[in-house]
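# Have a look at this prediction, sequence included:
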Amino acid sequence: MDLVSSFTGLRLDGRRENEIRDIRCQFGVAKEADGSVLFEQGNTKILATVYGPFDSGDNDDDDGDLAVLEDPTAIECEFKLSAFSQQDRRTRQGEDPRSEEYAEYMETCYRVIMFPHKNASSIVRLSCQVLQADGGHLAAALTAGTLALIDAGIPVKDLIVGCSATVVEGKPLMDVSSQEDLQRLPQITVGVIPRNQEIIVMDTKNRFHKDLLAPLLDAAVKGCTQTFQVIEKIVRDHVRKAAGAMSS
Amino acid sequence: MAAVSGEVMVQRSAADGSQNDDVEMREVHISKPNTVRNDQIYIPGDIILDNTEGQWMDGHGSYYSVLPGNHSEIIASVAGLRQIFTRVVVVDPLKSRYSGEIGDIVVGRIIQVGRKSWTVDVGAQRHAVLNLGAINLPGGELRRKTEADIGFMRRYLQEGDLVSAEVQKQGADSQLLLHTRSLRYGRLVQGMLLHVQPRLTKRGKGHFVSYETFGVQLIIGVNGAVWIAPTQKQMNVPLGLDAGEQQRRVQQEDYPEEEEITLCITEEDAKKFGAKDKSKEHTTLPQKPAGSSIASLEVRKCMARIKNCVEILNREQVPIHRESIRILYDASRRYEPKELLIPSVAKEVFESVRQDLREQNPTA
């Protein structure tokens, strides 16, 4: 089975090489959280929830000590792949190294866009739970996390969106689905600030020749720009709707 | 919003064709009078104003960015509506945590008893602090707090207790300092606490609401915590910290085997330090204070109805104050309090007074 049909030039799910999957969002789904979003990109479905900023509790004013200036972490991320999210149900023993790595990527990203000095001794907790896994988890989690931060009203300098890319027979494909993911092809995922095309994180999967890096990066960053255009419209529409409901 | 003269609007680079979208959105806006103007909506990263001449200042929800070539801009950092106050540019987020201001009346929970202060969770970015010096002692005694008082702190307020307090000042790192130096404030006993969006409990005068006819009083905390309790008349509960003190004494009388072992210093020790004999103070109080009695069924039903009304207002994004609660309360009388939990009933009741509620809140 070809990933890209030699006859039509379409991928298995009917997309072209430079097409991302449909994006749908639902804000404020978790009532208890400060901000939440149910983010869907194709069949990948992620629930991102933000709690905070709340007191990190590591300051004891009663001692009268000078506050020790520690690393202003400001954000703690969590990435979880639900057991029921994949084709075969698997329950992992212990911590999943992949998830920890993804969580670290997310922290790196959001630390760039947040204002740590405004959140002295307080912390933001962001959790991304994959409910349906269909490829591009990290990319979707990065985008969903940004949307959840915006929903919580936490100040950020700019949006960060993620996109993945792979190469099939020399042709770069953007936004990898699980069918494409399964074939051990070269794959990269980037977290980008689309407005100035700044790449914050990059994750590679499987071995590939260095000459492939440039086309892969190009496809992934272009995918981010496309994702951004969709996300931007979604956020604006959401704000307009919510503000309209408030004023009426 | 007042139009600002000399306002320079900078369009985002429209290479991605977003300008076409903008035109479409404007057309939608014309057909609906209640929707928000498109040029007021900003999302993080949007350039609000060119600030090369330094005439604008960045307020909440915006930041100042210096670009190469002596350019600078004011950029949005939250998604919401832009407002300009003289020179300060502000973007109002749709929702955010409570951020305190001096004079705010808040309802919070004690989470820690420190050496000279209590740590209070008020739902803000950081925990608030209630200093020992910022409370009124039980019995209304006015004096400097001694070492012995430090030992008695847990007797005044324990972990898990609810207090109403006022924000006295804001610390350097956005930490709030509270005080309860008024009979209106203090430990809260017998009642219900519910949380609403802090945006809906605006700062104003009527945070202590009392519906004498129903026998119910409310404390609408600016931090979004709403306390519903029977009125003093109903319960004959003394105000302030005395309430907590008496309640505990009654509990001890009811369950004498449960001794209070959480005290840091025993009363004998306290006497040694020269503190007044606490037990003597209490002999002046009624033998069995009515604070332990339970409010009548009628009052409890009223409380339940008010609680359901507040929840409906919260869900429908209507500001919560004396009048809005009263309007919804009156409209809901056709139903039993518990029936208001049914979504269709709640919707029907709300729709019947939607117009009245809107007239109450001419917010634009």
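It's in.
# Okay, B:Lys169 and B:Gln317: tell me how far apart.
To B:Gln317, B:Lys169 is 31 Å away according to CB to CB, to the nearest Å. C-beta here means a position set from N, CA and C on the backbone, and glycine is covered the same way.
# can you check B:Ile325 too?
Applying CB to CB to B:Ile325 and B:Gln317 gives a distance of 15 Å.
# same thing with B:Tyr63?
B:Tyr63 is 28 Å from B:Gln317, by CB to CB.
# Which one of these two is surrounded by more residues?
A direct count of neighbours by other CB atoms under 10 Å in any protein chain shown for B:Tyr63 and B:Gln317 places B:Tyr63 higher, at 20 against 14.
# quick one: the strands in the stretch 251-364 of chain B?
In the stretch 251-364 of chain B, no strands are defined using DSSP state E, counting those that start in this stretch.
# show me where it has helices.
Remark: helices assigned in the stretch 251-364 of chain B by DSSP state H, counting those that start in this stretch are B:267-272, B:278-283, B:297-315, B:322-331, B:343-360.
# tell me, which of these is the model least confident about?
Among those, helix B:278-283 carries the lowest mean pLDDT, a mean of 36.
# Next, count neighbours for the residue nearest to A:Leu142 when sequence neighbours are not counted.
Distances taken as CB to CB, 6 or more residues apart in numbering or on different chains put A:Gly162 closest to A:Leu142, at 3.2 Å, once the chain neighbours are dropped. By the criterion of other CB under 10 Å, A:Gly162 has 31 neighbours.
# Just give the strands next to the helix or strand hosting A:Gly162 in its sheet, each with its orientation.
For A:Gly162, the element it lies in under DSSP states H and E is strand A:161-168. Sheet pairing for strand A:161-168, assigned by DSSP bridges, gives strand A:171-174 (antiparallel), strand A:187-193 (antiparallel).
# Turn those into a markdown table, including mean neighbour count.
Shown next, in a markdown table, are these (neighbours: other CB atoms under 10 Å in any protein chain shown):
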| stretch | mean neighbour count |
| --- | --- |
| strand A:171-174 | 22 |
| strand A:187-193 | 25 |
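# need the helix or strand of chain B with the lowest average pLDDT.
helix B:278-283 (a mean of 36; mean pLDDT, DSSP states H and E).
# in the lengthiest helix in chain A, what's buried?
Identified as the longest helix of chain A according to DSSP state H is helix A:213-247. When burial is assessed from 16 or more other CB atoms under 10 Å in any protein chain shown, helix A:213-247 yields the following buried residues: A:216-217, A:219-232, A:234-236, A:238-240, A:242-243, A:246.
# Out of those residues, which are close to chain B?
By CB under 8 Å from any CB of the partner chain, the members of these lying near chain B are A:225, A:229, A:232, A:235-236, A:238-240, A:242-243, A:246.
# closest point of the stretch 201-350 of chain B to chain A, which residue?
Closest residue of the stretch 201-350 of chain B to chain A, CB to the nearest CB: B:Gln317 (5.5 Å).
# what's the nearest residue to B:His207 if we skip its chain neighbours?
That would be B:Ile105: by CB to CB, 6+ apart, it lies 4.3 Å from B:His207.
# Neighbours of that neighbour, how many?
20.
# re the thing from before, quick one: the strands paired with strand A:161-168 as TSV, columns for mean pLDDT too.
Listed next are the strands paired with strand A:161-168 as TSV, based on pLDDT from 0 to 100:
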stretch	mean pLDDT
strand A:171-174	94
strand A:187-193	96
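# so which of the ones you listed comes closest to A:Ala33?
strand A:187-193 (22.2 Å; CB to CB).
# Beyond the closest one, next helix or strand please.
Counting by DSSP H and E, the element after strand A:187-193 in chain order, helix or strand, is strand A:198-205.
# can you pull the buried residues of that next one?
Under the neighbour-count criterion of 16+ other CB under 10 Å, strand A:198-205 has A:200-201, A:203, A:205 buried.
# Can you get me a residue count around A:Lys157?
Applying other CB under 10 Å, we find 17 residues neighbouring A:Lys157.
# Now it: phi and psi?
Phi and psi for A:Lys157, reported as degrees, to the nearest 10, are phi -70, psi -40.
# Disregarding residues adjacent in the polypeptide, which is nearest to it?
Computed as CB to CB, 6+ apart, the closest residue to A:Lys157 that is not its neighbour in sequence is A:Ile113, at 4.7 Å.
# Looks like that neighbour contacts A:Val156 (just checking).
Yes: between A:Ile113 and A:Val156 there is a contact under CB atoms under 8 Å: 4.4 Å.
# That concludes my questions; thank you for your assistance.
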